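Engineer: got a sequence here, can you model it:
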Amino acid sequence: MNLRQMLLTPKQFLLIGGPVLVLVAILGFVGVIGPTTDKSLFGSTWWFDDGENWAHLALGVVGFAAAFILPMNLQRPLVMVLGVVGVFFGVYNLFSTSFPGTNLENPADTILHFAVGAWALAASIPKPAMTAKGTPA
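Structural biologist: Here you go, the predicted structure:
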């Protein structure tokens, strides 16, 4: 399995993205990248407040659990919704740095949300079946 196949499936997005979001939330809660600018290693450039940390924790736990609980036919639409949400927040952040209960730094949060949203959307696109050698079946 090549890197493209590993990162661009709904299940892999959930298996990798879920724990990454949980880690981001924990680092935000314990004072590495939040919950205030003075506690973030990046200062006011990039930090996650408690609202963002709770959202990342919830999405991460649900996403990771979905990789094991949901059948494949439901993982794809879930990842597509997560992609749309990521892109939504990227676009929203172009016009505003606050969302009810959160603080969105620009451009750091904008780039992050666009990147994760694009990854999720790419992972949700059906791919042709591949052989063990990585060639189309």
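
Engineer: C-terminal to the helix or strand of the chain with the lowest mean pLDDT, what's the next element?
Structural biologist: Ranking every helix and strand in the chain by mean pLDDT, DSSP states H and E puts helix 3-7 at the bottom, with a mean of 61. For helix 3-7, the following helix or strand on the C-terminal side (DSSP states H and E) is helix 10-29.

Engineer: which one is Lys27 nearest to, not counting chain neighbours?
Structural biologist: If you look again at residue 27, you'll see it is Leu, not Lys. Using C-beta to C-beta, 6 or more residues apart in numbering and skipping residues adjacent in sequence, the residue nearest Leu27 is Ile33, 4.8 Å away. For the C-beta atoms, the positions are set from N, CA and C on the backbone; glycine is no exception.

Engineer: number of residues surrounding that neighbour?
Structural biologist: 20 (other C-beta atoms under 10 Å).

Engineer: tell me the secondary structure for it?
Structural biologist: What DSSP: H, G, I helix; E, B strand; the rest coil gives for Ile33 is coil.

Engineer: skipping adjacent residues, who's closest to the residue nearest the centre of the chain in space?
Structural biologist: Geometric centre of the chain, nearest residue: Val116, 4.7 Å, by C-alpha atoms, centre = their mean. Among residues not flanking Val116 along the chain, Gly86 sits closest, at 4.5 Å (C-beta to C-beta, 6+ apart).

Engineer: now do the same contact list for the one you found.
Structural biologist: 113-114, 116-118, 120 (C-beta atoms under 8 Å, 6 or more residues apart in numbering).

Engineer: tell me which residues of the host helix or strand of it are tucked away?
Structural biologist: If you go by DSSP H and E, Gly86 is part of helix 72-95. Neighbour counts over helix 72-95 (16 or more other C-beta atoms under 10 Å) mark 75-76, 78-80, 82-83, 85-87, 89-90, 92-93 as buried.
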